[in-house]
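S.K.: pasting the structure only:
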Ligand SMILES: Cc1ncc(COP(=O)(O)O)c(C=O)c1O
(Lines give C-alpha, C1' and ligand atoms only; values in the text may rest on other atoms or scores of the structure.)
Protein backbone atom coordinates (compact mmCIF):
# COMPACT_ATOMS: atom_id res chain seq x y z
CA UNK A 1 0.00 0.00 0.00
CA UNK A 2 1.17 3.51 -0.80
CA UNK A 3 2.25 5.74 2.10
CA UNK A 4 1.50 9.25 0.88
CA UNK A 5 3.07 11.93 3.07
CA UNK A 6 2.79 14.79 0.57
CA UNK A 7 -0.22 16.39 2.27
CA UNK A 8 -3.31 15.65 4.34
CA UNK A 9 -5.35 16.59 1.26
CA UNK A 10 -4.57 13.21 -0.37
CA UNK A 11 -7.02 11.21 1.76
CA UNK A 12 -9.71 9.23 -0.04
CA UNK A 13 -13.27 8.98 1.26
CA UNK A 14 -13.77 5.79 3.29
CA UNK A 15 -16.49 3.26 2.45
CA UNK A 16 -18.67 4.65 5.25
CA UNK A 17 -18.18 8.24 4.03
CA UNK A 18 -19.05 7.17 0.47
CA UNK A 19 -22.19 5.48 1.78
CA UNK A 20 -23.21 8.71 3.52
CA UNK A 21 -22.59 10.58 0.25
CA UNK A 22 -24.60 8.17 -1.86
CA UNK A 23 -27.53 8.31 0.57
CA UNK A 24 -27.52 12.11 0.91
CA UNK A 25 -30.78 13.97 0.45
CA UNK A 26 -30.13 16.71 -2.10
CA UNK A 27 -31.71 19.78 -3.67
CA UNK A 28 -30.61 22.81 -5.67
CA UNK A 29 -28.32 24.81 -3.39
CA UNK A 30 -28.57 27.86 -5.66
CA UNK A 31 -32.17 28.03 -4.41
CA UNK A 32 -30.91 27.25 -0.89
CA UNK A 33 -32.95 24.05 -0.79
CA UNK A 34 -30.30 21.35 -0.46
CA UNK A 35 -31.18 19.95 2.98
CA UNK A 36 -27.78 18.31 3.51
CA UNK A 37 -25.87 21.50 2.68
CA UNK A 38 -28.18 23.42 5.03
CA UNK A 39 -27.58 20.88 7.78
CA UNK A 40 -23.81 21.06 7.33
CA UNK A 41 -23.83 24.86 7.40
CA UNK A 42 -25.92 24.89 10.57
CA UNK A 43 -23.79 22.18 12.19
CA UNK A 44 -20.54 24.00 11.40
CA UNK A 45 -21.92 27.30 12.72
CA UNK A 46 -23.08 25.64 15.93
CA UNK A 47 -19.84 23.73 16.43
CA UNK A 48 -17.67 26.82 16.01
CA UNK A 49 -19.93 29.36 17.70
CA UNK A 50 -21.18 31.47 14.79
CA UNK A 51 -24.63 32.57 13.61
CA UNK A 52 -24.33 31.15 10.11
CA UNK A 53 -22.19 29.11 7.73
CA UNK A 54 -21.66 28.87 3.99
CA UNK A 55 -20.40 25.86 2.05
CA UNK A 56 -17.63 26.35 -0.50
CA UNK A 57 -15.89 23.89 -2.84
CA UNK A 58 -12.41 24.91 -1.61
CA UNK A 59 -10.56 26.74 1.13
CA UNK A 60 -9.00 29.11 -1.38
CA UNK A 61 -12.42 30.27 -2.50
CA UNK A 62 -13.76 30.53 1.03
CA UNK A 63 -10.80 32.69 2.08
CA UNK A 64 -11.14 34.86 -1.02
CA UNK A 65 -14.89 35.32 -0.54
CA UNK A 66 -14.16 36.34 3.06
CA UNK A 67 -11.58 38.90 1.90
CA UNK A 68 -14.02 40.26 -0.70
CA UNK A 69 -16.79 40.49 1.90
CA UNK A 70 -14.67 42.29 4.48
CA UNK A 71 -12.87 44.54 1.99
CA UNK A 72 -13.85 46.54 -1.07
CA UNK A 73 -11.86 47.87 -3.99
CA UNK A 74 -8.88 49.91 -2.75
CA UNK A 75 -9.01 48.45 0.74
CA UNK A 76 -6.10 46.64 2.35
CA UNK A 77 -5.70 43.56 4.51
CA UNK A 78 -2.86 42.79 6.89
CA UNK A 79 -1.57 39.24 6.57
CA UNK A 80 1.44 37.10 7.41
CA UNK A 81 4.15 36.71 4.80
CA UNK A 82 3.78 32.93 5.23
CA UNK A 83 -0.02 32.88 5.39
CA UNK A 84 -1.85 30.70 2.91
CA UNK A 85 -4.14 33.54 1.79
CA UNK A 86 -1.15 35.70 0.93
CA UNK A 87 1.44 33.25 -0.32
CA UNK A 88 -0.34 30.23 -1.72
CA UNK A 89 -3.60 31.49 -3.21
CA UNK A 90 -2.24 33.10 -6.37
CA UNK A 91 -2.79 36.62 -5.07
CA UNK A 92 -6.57 36.22 -5.43
CA UNK A 93 -7.37 39.13 -3.12
CA UNK A 94 -5.46 41.51 -5.41
CA UNK A 95 -6.32 39.80 -8.70
CA UNK A 96 -10.07 39.41 -8.22
CA UNK A 97 -10.91 41.60 -5.25
CA UNK A 98 -8.77 44.71 -5.95
CA UNK A 99 -7.67 44.35 -2.33
CA UNK A 100 -4.10 45.32 -1.46
CA UNK A 101 -2.28 42.83 0.74
CA UNK A 102 0.10 44.21 3.37
CA UNK A 103 2.32 41.24 4.21
CA UNK A 104 4.03 41.18 7.60
CA UNK A 105 6.87 38.87 8.68
CA UNK A 106 5.89 35.73 10.55
CA UNK A 107 8.07 34.84 13.51
CA UNK A 108 9.36 31.27 13.90
CA UNK A 109 6.31 30.34 16.00
CA UNK A 110 4.00 31.42 13.16
CA UNK A 111 2.72 34.61 14.83
CA UNK A 112 3.29 38.17 13.66
CA UNK A 113 4.64 40.74 16.09
CA UNK A 114 1.53 42.77 16.93
CA UNK A 115 3.66 45.94 17.08
CA UNK A 116 4.50 45.29 13.38
CA UNK A 117 0.81 44.74 12.67
CA UNK A 118 -0.18 47.99 14.33
CA UNK A 119 2.62 49.93 12.62
CA UNK A 120 1.35 48.72 9.22
CA UNK A 121 -2.15 50.18 9.70
CA UNK A 122 -2.40 53.15 7.35
CA UNK A 123 -3.63 56.57 8.47
CA UNK A 124 -6.89 57.85 7.00
CA UNK A 125 -5.30 59.79 4.17
CA UNK A 126 -5.99 59.69 0.41
CA UNK A 127 -2.39 58.58 -0.22
CA UNK A 128 -3.05 55.21 1.35
CA UNK A 129 -5.20 52.18 0.84
CA UNK A 130 -7.81 51.81 3.58
CA UNK A 131 -6.67 49.17 6.07
CA UNK A 132 -9.77 47.13 6.81
CA UNK A 133 -8.90 43.59 7.84
CA UNK A 134 -6.45 41.53 9.86
CA UNK A 135 -6.16 37.96 8.52
CA UNK A 136 -4.65 35.26 10.74
CA UNK A 137 -4.12 31.52 10.41
CA UNK A 138 -4.23 28.55 12.83
CA UNK A 139 -2.52 26.14 12.40
CA UNK A 140 0.14 27.85 10.28
CA UNK A 141 2.81 25.60 8.77
CA UNK A 142 1.38 22.98 11.13
CA UNK A 143 2.07 25.14 14.20
CA UNK A 144 -0.79 25.50 16.61
CA UNK A 145 -0.95 29.02 18.00
CA UNK A 146 -2.31 29.30 21.54
CA UNK A 147 -5.30 31.45 22.34
CA UNK A 148 -3.67 34.35 24.25
CA UNK A 149 -2.03 35.61 21.04
CA UNK A 150 -5.41 35.79 19.33
CA UNK A 151 -6.98 37.57 22.30
CA UNK A 152 -4.39 40.32 21.89
CA UNK A 153 -4.69 40.39 18.09
CA UNK A 154 -8.49 40.64 18.20
CA UNK A 155 -8.27 43.37 20.84
CA UNK A 156 -5.86 45.33 18.65
CA UNK A 157 -8.13 44.91 15.62
CA UNK A 158 -11.17 46.13 17.59
CA UNK A 159 -9.25 49.13 18.93
CA UNK A 160 -8.15 50.08 15.41
CA UNK A 161 -11.50 49.36 13.78
CA UNK A 162 -10.36 46.39 11.69
CA UNK A 163 -12.32 43.24 10.95
CA UNK A 164 -10.71 39.87 11.65
CA UNK A 165 -10.62 36.68 9.58
CA UNK A 166 -9.12 33.37 10.64
CA UNK A 167 -7.96 30.86 8.06
CA UNK A 168 -8.73 27.87 10.25
CA UNK A 169 -8.23 25.30 7.50
CA UNK A 170 -6.78 23.01 10.21
CA UNK A 171 -8.47 24.50 13.28
CA UNK A 172 -9.37 21.03 14.57
CA UNK A 173 -5.68 20.07 14.50
CA UNK A 174 -4.96 23.19 16.56
CA UNK A 175 -7.78 22.23 18.91
CA UNK A 176 -6.39 18.71 19.40
CA UNK A 177 -2.85 20.00 19.98
CA UNK A 178 -3.85 22.76 22.41
CA UNK A 179 -6.56 20.75 24.19
CA UNK A 180 -8.96 23.65 23.66
CA UNK A 181 -12.26 23.47 21.79
CA UNK A 182 -12.32 24.78 18.23
CA UNK A 183 -15.16 27.05 19.35
CA UNK A 184 -12.92 28.68 21.95
CA UNK A 185 -10.11 29.05 19.41
CA UNK A 186 -12.49 30.83 17.00
CA UNK A 187 -14.10 33.13 19.57
CA UNK A 188 -14.14 36.82 18.67
CA UNK A 189 -13.22 36.46 14.99
CA UNK A 190 -15.59 38.07 12.50
CA UNK A 191 -15.14 35.14 10.13
CA UNK A 192 -13.46 31.76 10.08
CA UNK A 193 -12.77 29.39 7.19
CA UNK A 194 -12.57 25.68 8.08
CA UNK A 195 -11.54 22.97 5.59
CA UNK A 196 -13.25 19.59 5.57
CA UNK A 197 -10.93 18.14 2.95
CA UNK A 198 -7.64 18.12 4.87
CA UNK A 199 -7.17 16.12 8.06
CA UNK A 200 -10.92 15.54 8.27
CA UNK A 201 -10.84 13.40 5.14
CA UNK A 202 -13.72 14.74 2.99
CA UNK A 203 -13.05 14.81 -0.77
CA UNK A 204 -13.92 18.54 -1.05
CA UNK A 205 -15.52 21.34 0.89
CA UNK A 206 -14.84 24.24 3.22
CA UNK A 207 -17.14 26.14 5.55
CA UNK A 208 -17.05 29.90 5.99
CA UNK A 209 -18.58 31.01 9.26
CA UNK A 210 -19.64 34.39 10.57
CA UNK A 211 -22.58 36.59 11.56
CA UNK A 212 -25.79 36.08 9.55
CA UNK A 213 -25.44 39.43 7.73
CA UNK A 214 -21.78 38.69 6.86
CA UNK A 215 -22.69 35.27 5.44
CA UNK A 216 -25.55 36.86 3.47
CA UNK A 217 -23.02 39.21 1.85
CA UNK A 218 -20.48 36.41 1.37
CA UNK A 219 -23.07 34.61 -0.79
CA UNK A 220 -22.65 37.35 -3.40
CA UNK A 221 -18.85 36.90 -3.38
CA UNK A 222 -19.28 33.12 -3.72
CA UNK A 223 -21.61 33.70 -6.68
CA UNK A 224 -19.12 36.04 -8.36
CA UNK A 225 -16.41 33.42 -7.88
CA UNK A 226 -18.58 30.69 -9.40
CA UNK A 227 -18.67 28.72 -6.19
CA UNK A 228 -22.38 27.99 -5.74
CA UNK A 229 -23.02 24.38 -6.62
CA UNK A 230 -26.33 22.69 -7.37
CA UNK A 231 -26.90 19.26 -5.70
CA UNK A 232 -23.93 19.83 -3.43
CA UNK A 233 -25.47 17.65 -0.70
CA UNK A 234 -23.41 14.69 -1.91
CA UNK A 235 -20.30 16.65 -0.88
CA UNK A 236 -21.88 18.17 2.22
CA UNK A 237 -22.74 14.65 3.42
CA UNK A 238 -19.02 13.84 3.37
CA UNK A 239 -18.40 16.99 5.42
CA UNK A 240 -21.04 16.05 7.97
CA UNK A 241 -19.60 12.55 8.19
CA UNK A 242 -16.11 14.05 8.69
CA UNK A 243 -17.27 16.34 11.50
CA UNK A 244 -18.99 13.45 13.28
CA UNK A 245 -16.31 10.79 12.83
CA UNK A 246 -12.91 12.24 11.99
CA UNK A 247 -12.28 15.02 14.49
CA UNK A 248 -11.46 13.03 17.63
CA UNK A 249 -9.01 10.82 15.73
CA UNK A 250 -6.73 13.74 14.71
CA UNK A 251 -4.70 13.00 17.85
CA UNK A 252 -3.59 9.76 16.14
CA UNK A 253 -2.15 11.79 13.25
CA UNK A 254 -0.27 13.94 15.73
CA UNK A 255 1.07 10.83 17.50
CA UNK A 256 2.20 9.43 14.13
CA UNK A 257 3.91 12.73 13.32
CA UNK A 258 5.66 12.44 16.70
CA UNK A 259 6.87 8.91 15.84
CA UNK A 260 8.07 10.10 12.46
CA UNK A 261 9.96 13.08 13.90
CA UNK A 262 11.62 10.95 16.58
CA UNK A 263 12.56 8.21 14.10
CA UNK A 264 14.09 10.75 11.71
CA UNK A 265 16.09 12.34 14.54
CA UNK A 266 17.31 8.93 15.64
CA UNK A 267 18.41 8.30 12.05
CA UNK A 268 20.49 11.48 12.14
CA UNK A 269 18.27 13.87 10.18
CA UNK A 270 17.85 17.51 11.18
CA UNK A 271 14.18 17.77 12.03
CA UNK A 272 11.68 20.54 12.87
CA UNK A 273 8.57 19.49 14.69
CA UNK A 274 6.36 17.60 14.97
CA UNK A 275 3.95 20.50 14.56
CA UNK A 276 0.51 18.89 14.86
CA UNK A 277 0.42 16.58 11.80
CA UNK A 278 3.51 18.02 10.07
CA UNK A 279 7.22 17.26 10.28
CA UNK A 280 9.98 19.06 8.39
CA UNK A 281 13.32 17.37 7.68
CA UNK A 282 16.51 18.61 6.04
CA UNK A 283 17.70 16.39 3.20
CA UNK A 284 21.39 16.62 2.18
CA UNK A 285 21.60 18.10 -1.34
CA UNK A 286 23.35 15.06 -2.87
CA UNK A 287 20.55 12.77 -1.68
CA UNK A 288 17.83 14.73 -3.43
CA UNK A 289 18.27 13.35 -6.99
CA UNK A 290 17.79 9.75 -5.80
CA UNK A 291 15.18 10.42 -3.15
CA UNK A 292 12.12 10.49 -5.39
CA UNK A 293 12.93 7.35 -7.39
CA UNK A 294 14.11 5.37 -4.35
CA UNK A 295 11.01 6.30 -2.40
CA UNK A 296 8.62 5.66 -5.29
CA UNK A 297 10.03 2.14 -5.62
CA UNK A 298 9.07 1.62 -1.98
CA UNK A 299 5.69 3.24 -2.57
CA UNK A 300 6.45 6.16 -0.28
CA UNK A 301 5.27 9.48 -1.73
CA UNK A 302 6.92 12.75 -0.64
CA UNK A 303 7.46 16.17 -2.21
CA UNK A 304 11.26 16.27 -2.53
CA UNK A 305 13.13 19.39 -1.46
CA UNK A 306 15.99 20.41 0.81
CA UNK A 307 13.45 20.99 3.62
CA UNK A 308 10.95 18.25 3.09
CA UNK A 309 7.44 18.56 4.57
CA UNK A 310 5.89 15.28 5.71
CA UNK A 311 2.20 15.28 6.61
CA UNK A 312 0.32 12.56 8.49
CA UNK A 313 -3.40 11.89 8.01
CA UNK A 314 -6.09 9.26 8.32
CA UNK A 315 -4.78 7.15 5.42
CA UNK A 316 -1.36 6.64 7.09
CA UNK A 317 -1.11 4.34 10.11
CA UNK A 318 1.77 3.51 12.46
CA UNK A 319 2.96 0.71 10.14
CA UNK A 320 3.09 3.23 7.27
CA UNK A 321 5.23 5.53 9.41
CA UNK A 322 7.64 2.63 10.03
CA UNK A 323 7.89 1.99 6.27
CA UNK A 324 8.58 5.66 5.63
CA UNK A 325 11.27 5.64 8.33
CA UNK A 326 12.90 2.58 6.73
CA UNK A 327 13.06 4.48 3.44
CA UNK A 328 14.69 7.48 5.12
CA UNK A 329 17.15 5.24 6.99
CA UNK A 330 18.22 3.58 3.74
CA UNK A 331 18.67 7.02 2.15
CA UNK A 332 20.99 8.09 4.97
CA UNK A 333 21.13 11.44 6.71
CA UNK A 334 24.77 12.22 6.11
CA UNK A 335 26.81 12.61 2.90
CA UNK A 336 27.83 9.24 1.46
CA UNK A 337 25.79 7.26 4.00
C1 LIG B 1 -3.85 26.90 5.67
C2 LIG B 1 -4.59 26.66 4.38
N3 LIG B 1 -5.57 27.49 4.03
C4 LIG B 1 -6.26 27.33 2.89
C5 LIG B 1 -5.98 26.29 2.03
C6 LIG B 1 -6.72 26.19 0.73
O7 LIG B 1 -7.54 25.09 0.64
P8 LIG B 1 -7.93 24.46 -0.78
O9 LIG B 1 -6.78 23.61 -1.21
O10 LIG B 1 -9.17 23.69 -0.46
O11 LIG B 1 -8.19 25.58 -1.72
C12 LIG B 1 -4.96 25.39 2.34
C13 LIG B 1 -4.64 24.28 1.43
O14 LIG B 1 -3.71 23.53 1.58
C15 LIG B 1 -4.24 25.58 3.55
O16 LIG B 1 -3.23 24.76 3.89
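M.R.: Cool, the structure landed. Here the structure is a predicted model, which means the values were calculated and not measured.
S.K.: When you work out contacts or count neighbours from here on, use the C-alpha atoms and nothing else.
M.R.: OK.
S.K.: Need phi/psi at the residue lying closest to residue 59 once chain neighbours are set aside.
M.R.: Distances taken as CA to CA, 6 or more residues apart in numbering put residue 206 closest to residue 59, at 5.4 Å, once the chain neighbours are dropped. Reported as degrees, to the nearest 10, the phi and psi values for residue 206 are phi -140, psi 140.
S.K.: Tell me, how many residues neighbour residue 206?
M.R.: Neighbour count of residue 206, defined by other CA atoms under 10 Å: 29.
S.K.: Give me the neighbour count for residue 246.
M.R.: Quick note: residue 246 (other CA under 10 Å) scores 18 neighbours.
S.K.: so the residue nearest to residue 59 touches residue 53, yeah?
M.R.: No: in this structure, residue 206 is not within contact of residue 53 by CA atoms under 8 Å, at 9.9 Å.
S.K.: Is the residue nearest to residue 59 bridged to anything, and to what?
M.R.: Taking DSSP bridges as the rule, residue 206 bridges to residue 56, residue 195.
S.K.: after the helix or strand in which residue 63 is found comes which helix or strand?
M.R.: Taking DSSP states H and E as the criterion, residue 63 maps to helix 59-70. Under the assignment DSSP H and E, the closest C-terminal helix or strand after helix 59-70 is strand 75-80.
S.K.: which parts of that following strand are buried?
M.R.: Buried residues in strand 75-80, counted by 16 or more other CA atoms under 10 Å: 75, 76, 77, 78, 79, 80.
S.K.: Excluding sequence neighbours, find me the nearest residue to the first one.
M.R.: The shortest distance from residue 75 to any residue other than its chain neighbours is 4.6 Å, reached at residue 130 (CA to CA, 6+ apart).
S.K.: how much space between that neighbour and residue 261?
M.R.: 44 Å (CA to CA, to the nearest Å).
S.K.: more neighbours, those two?
M.R.: Counted by other CA under 10 Å, residue 130 and residue 261 do not tie: residue 261 has more neighbours, with 26 against 21.
S.K.: How are the helices of the stretch 1-150 of the chain distributed by residue range?
M.R.: With DSSP state H, counting those that start in this stretch as the criterion, the stretch 1-150 of the chain has helices at 15-22, 35-48, 59-70, 84-87, 92-97, 114-120, 147-159.
S.K.: list the helices and strands the last one packs on?
M.R.: Other helices and strands packing on helix 147-159, by 3 or more CA pairs under 8 Å, 6 or more residues apart in numbering; DSSP states H and E, are strand 163-167.
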